[in-house]
Each structure stands twice: as structure tokens, then as C-alpha cells.
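Student: Build me a model:
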Amino acid sequence: MFGKILSRGAFPRRALAVALAMFGAGSAQAVEVTIACGSVGTDVEICKKLTAEWSAKTGNTVKIFAAPESSTEQLALYRKQFAAKSGEVDVLSVDVVWPGIIKEHLLDLTPFAKGVQKQHFPAIINNNTVGGKLLAMPWFTDAGLLYYRKDLLGKHQAKVPGTWLQLAATAQKIQDAERKEGNANMQGYVFQGKAYEGLTCNALEWIAGNGGGTVVERDGRISINNEKAAKALDLIASWPGTISPKNVVTFAEEESRGVFQSGNAVFMRNWAYVWNMAQKDGSRIKDKIGVAALPRGVGGKSASTLGGWQLAVSAYSEHQKEAADLVMFLTSKQMQKKRALMVGTLPTYPALYTDPEVLAAAPYFTALVDAFNMASARPSSVTADKYNAVSAVLWSAAQDVLTKKASGAESVAKLEKELIKIRKGDKW
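Tutor: Numbering: from 1, shown residues only. Have a look, this model is predicted:
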């Protein structure tokens, strides 16, 4: 058709060249990028809204991949796809402990980040960097937090504890006083003591907060067998049956929240999701709670275990450039702010925790900056695909102390031997 128009002199040669160039460029650049962006709650709905903005900006389209709800099942599915070198999913949602586990299958995003990674919380970027490669960009974060009943602290003229020893003393004081006044179910402190990943997170906070290291250091050194780590575990072992219920060794996140939200605990360790649930209409503790960074150990500092999700690009994607561009768009400060305002997810940019619009919607964000600045990554990057085994022996060792089957010293000595067996040699 273009040839006929040109032969009649009705379409200038220069205009024709421009039209052909635009037509060719458009057809070459327009691609479909598939993203697995979660499947829990409003994940898919929010993902569709934000990716639509990228599509309008770039001319590319986005297909949402239906991922399993369970993170364990998600990882298993990804591994099957990696084994087949499948590019079915271009952009992956990645749990904070996965970068080291699936490092061989992710694209290095350093060239695409162009230095913006320096604007995120350093602990998250360090977690996502394996072997010098930035394998994922932070999307939203989480960290272990201390929840407290501000009404009860005010009633009993107590301060928010800065150390674990202060927490234990304050918890005991208020628990005993409230029980005398008629609430026989009042507990001083609830946490995640069940033998699972949640106990690993708690144990890392106790140990690191007491100056006992991170169990396995970033250089691969096994550091757990030390006096400070042992003393941290011994302190916590004194809680079940005193300031905590005896069955706290069966508690996961929801069991802890259930006790706290029913009005029967002074303090609780949990993740950020609890705030919105505790503030809903009908909650017995609505407008009665505060949030702070976790207490520190003796001579140590506050330590929060890092949580949250990242976005990564599959090494088998046929559209790596476009997929990386989508990742950078979704993890940008502007998009993280929108997501925070929409559903209250926690941004990974410290600057957004002083943003007036964000604070108007979620005033408790001001209490979270310290927790995220002091967040500690689980030793998943260095232990890579052996992390699950590492975590299992860690939570088992911690529960042995909680259930009085071993002392702190005995437990960390045994744990060191088990970690050496898992490592099998000098390198992970």
C-alpha cells in the first residue's frame, strides 16, 4: 500500500520513512512481561493497578501469573521452572530468604538500578546482594517489632523497656498487678516460641541483640558457640511459666496476636501486619497500643530480623531488559509510596517514613525507622540452598533451651557441631 501511495506522489518520501521507522520500532519494542506478584489479600489487585501504569508508560503489556499462596509452594514452583530453564515468568516475587537459595537463576540488576539501591535500607540491599550481584530489588519490607499496651504502661507508671531485662521486670510487675485486680489471664509477654521459622527469627534477635553474632556470619564463619549467645538463650528460657504462658512454645504469629488482641498481654513480639488488625473496629485494644524497636541485650543493641518481599528477574526470561525496567518501576519510591497509601505495606526507602502523606495515613510508621535501620538479615545469603537446614537446627536448639532440655551453653555447642556438618567443608 505504501508503494502505491508513494508512486502517486501523495505521500512524501521523508514522511514515509518516518512512518515505517515508527511502525517497525513499535512492533519490535512492544512485549508481554509476565509477573508473579503474590496471591495473598490484595496482592493481585494492587499489582494490576501499578503494572497498568508501567504499561501506559512503555507500551508493553503485563500478564499476572497466579502464584501459590504458600511461600514454600512458590519456591518449589520456581525451582521446577528453573530446572526446565523456563522463561514462563519474567519477574518473580522473592521472599527475603531466597536470594542466596536461587542465586544461580536470577539476573544481576546492578546495571539497571543505576545507584538507586543506595536509597533503600542498607540491610535489605545487603541481603539481596550475593557474590557481588544485586539479585533482587526491595519491594516492601518487614521486621520484628515490640508491641505494647500504652494504656497499661500509663496506668502502672512504666516506661517502654529499652532492654530485655527491663521488659521482663515491667512485664512481671504489670502482669502481677492486673491479675490481682481480676484478670487471671493477663500475660506479661508473648512471642513466637513454636519450632518453626518464626522461632529462628526470634532467636536471631535475642542472640544478635546480646552481642552474640548472627549464628553464621557474612564471611561464612560459624559464630554461634559463644558466651553472649548462650546467655541470651538462658535469659529467654526463664520466661515460659513466668512472664509468658507455658504453652508459648507452641505459639506462632497468630497465637501471639490472639492473646495480645484479646487484651491479655502487656507486650508482644510480632510483625507489622498486626497493627492494622489491632486497630480495626471491634478490636479490644484499638487505640491502646504502641510500637517500638525490640529491646537490646546486656551491652548489646536492638536487633530486628528482616522480613519482606523483593522483585527479581528470571535468568531465563526472554525479555530481561523490559522485565528489569518493570522491576525498577514497581520498586521505585513513587510506587512504594502509592502501595503504602493503598494497603499499608512498609516501604524500603527511609525517606518515606518522614513523608507527610504517608504519616497522615499511617502515623505509627515513625516508630519503625529505628527497627528497619537495625534490622538483621537471616544468614540465608551466605548459606544459600542450605539455609532451610540451618534454620531447622537453629529453631530446634532454641526450643531445647525454652523447654529446659538444654542450657544455653549446651545448646550453642551442639548447634555449632550441627552447622559444621551441614556446611561440609570450609565453604557453604
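
Student: strands paired with whichever strand or helix holds G308, and their directions?
Tutor: Taking DSSP states H and E as the definition, G308 sits inside strand 304-313. Within its sheet, strand 304-313 is paired with strand 91-95 (antiparallel), strand 137-143 (antiparallel), strand 375-376 (parallel), according to DSSP bridges.

Student: who wins for proximity to K49 among those?
Tutor: For K49, the closest of these is strand 137-143, at 14.6 Å, according to CB to CB. Every residue, glycine included, has its C-beta placed from N, CA and C.

Student: which other helices and strands contact the next helix or strand after that closest one?
Tutor: Later in the chain than strand 137-143, the nearest helix or strand by DSSP H and E is strand 145-149. On a contact count with 3 or more CB pairs under 8 Å, 6 or more residues apart in numbering; DSSP states H and E, strand 145-149 meets strand 265-270, helix 273-278, strand 289-292.

Student: Deepest-packed of the ones you listed, please.
Tutor: Among the helices and strands packed on strand 145-149, ranked by average contacts under mean count of other CB atoms under 10 Å, first place goes to strand 265-270 (a mean of 26).

Student: can I have that one written out in PDB, keeping just the CAs?
Tutor: What follows is strand 265-270, C-alpha atoms only, in PDB (Å, rounded to 0.1, in the frame of the first residue of the first chain):
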ATOM      1  CA  ALA A 265      -0.800  -9.400  77.200                       C
ATOM      2  CA  VAL A 266       1.300  -6.400  78.100                       C
ATOM      3  CA  PHE A 267       4.000  -6.900  75.500                       C
ATOM      4  CA  MET A 268       4.200  -8.900  72.200                       C
ATOM      5  CA  ARG A 269       6.900  -9.500  69.600                       C
ATOM      6  CA  ASN A 270       5.300  -9.700  66.100                       C
END
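
Student: mind listing what it pairs with, with the direction of each?
Tutor: Taking DSSP bridges as the criterion, strand 265-270 forms sheet pairs with strand 145-149 (antiparallel), strand 187-190 (parallel).

Student: Please work out which of these is packed deepest.
Tutor: Of the strands paired with strand 265-270, strand 187-190 is the most buried (mean count of other CB under 10 Å), at a mean of 26.

Student: Run through who's touching that strand.
Tutor: Here strand 187-190 makes contact (CB atoms under 8 Å, 6 or more residues apart in numbering) with 167-168, 170-172, 174-175, 239, 242-245, 248, 251, 255-256, 259-260, 264-269.

Student: just checking, next helix/strand downstream of it?
Tutor: Strand 187-190 is succeeded, C-terminally, by helix 197-209 (DSSP H and E).

Student: Please list the outside residues in contact with that following helix.
Tutor: For helix 197-209, using CB under 8 Å, 6+ apart, the contacting residues are 144, 164, 191-193, 213-215, 224, 228-229, 232-233, 235-236, 252-253, 269, 294-297, 300-305, 307, 376, 378, 391, 394-395, 397-399.

Student: Strands - which of the residues you listed land there?
Tutor: 269, 304-305, 307, 376 (DSSP state E).

Student: By neighbour count, which of those wins?
Tutor: Among the ones in strands among the contacts of helix 197-209, S304 has the most neighbours (other CB atoms under 10 Å), with 28 neighbours.

Student: buried residues in stretch 201-219?
Tutor: By neighbour count with 16 or more other CB atoms under 10 Å, stretch 201-219 contains the buried residues 201-216.

Student: related to what we said a few turns ago, mean confidence score for the strand holding G308?
Tutor: For strand 304-313, mean pLDDT is 94.

Student: And stretch 82-91, by the same measure?
Tutor: 97.

Student: Stretch 182-197 now?
Tutor: Averaged across stretch 182-197, pLDDT comes to 96.

Student: How far does that stretch sit from its chain's centre?
Tutor: 23 Å (CA atoms, centre = their mean, to the nearest Å).

Student: give the contact list for N127.
Tutor: Applying CB under 8 Å, 6+ apart to N127 gives the contacts 96, 99, 306, 377, 380-381.

Student: Now do E357: how many residues are near it, please.
Tutor: E357: 11 surrounding residues under other CB under 10 Å.

Student: Equivalent analysis for I243, please.
Tutor: Neighbour number of I243 under other CB under 10 Å is 25.

Student: And P356, by the same measure?
Tutor: P356, neighbours per other CB under 10 Å, totals 7.

Student: next one: G425
Tutor: The tally of other residues near G425 (other CB under 10 Å) stands at 6.

Student: what's the answer for A409, then?
Tutor: Number of residues near A409 (other CB under 10 Å) recorded here: 17.

Student: and what of the one 3 residues further on?
Tutor: Here the neighbour count serves as a burial measure; for V412 (other CB under 10 Å) it reads 27.

Student: Let me know whether it touches A230 as I believe.
Tutor: Yes - contact criterion CB atoms under 8 Å: V412 and A230 qualify, at 5.0 Å.

Student: what ranges do the helices span in the stretch 301-428 of the chain?
Tutor: 320-330, 333-343, 356-361, 369-373, 380-383, 387-402, 408-423 (DSSP state H, counting those that start in this stretch).

Student: In CSV, could you pull the C-alpha coordinates for the fourth one?
Tutor: Put plainly, it is helix 369-373. The C-alpha trace of helix 369-373 is given here as CSV (Å, rounded to 0.1, in the frame of the first residue of the first chain):
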residue,chain,number,x,y,z
VAL,A,369,12.6,3.6,61.2
ASP,A,370,14.9,2.5,64.0
ALA,A,371,13.7,-1.1,63.7
PHE,A,372,14.5,-1.2,60.0
ASN,A,373,17.8,0.6,60.3
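
Student: Show residues contacting it.
Tutor: Under the criterion CB under 8 Å, 6+ apart, residues 121, 123, 141, 143-145, 293-294, 302, 304, 346, 350, 353 lie in contact with helix 369-373.
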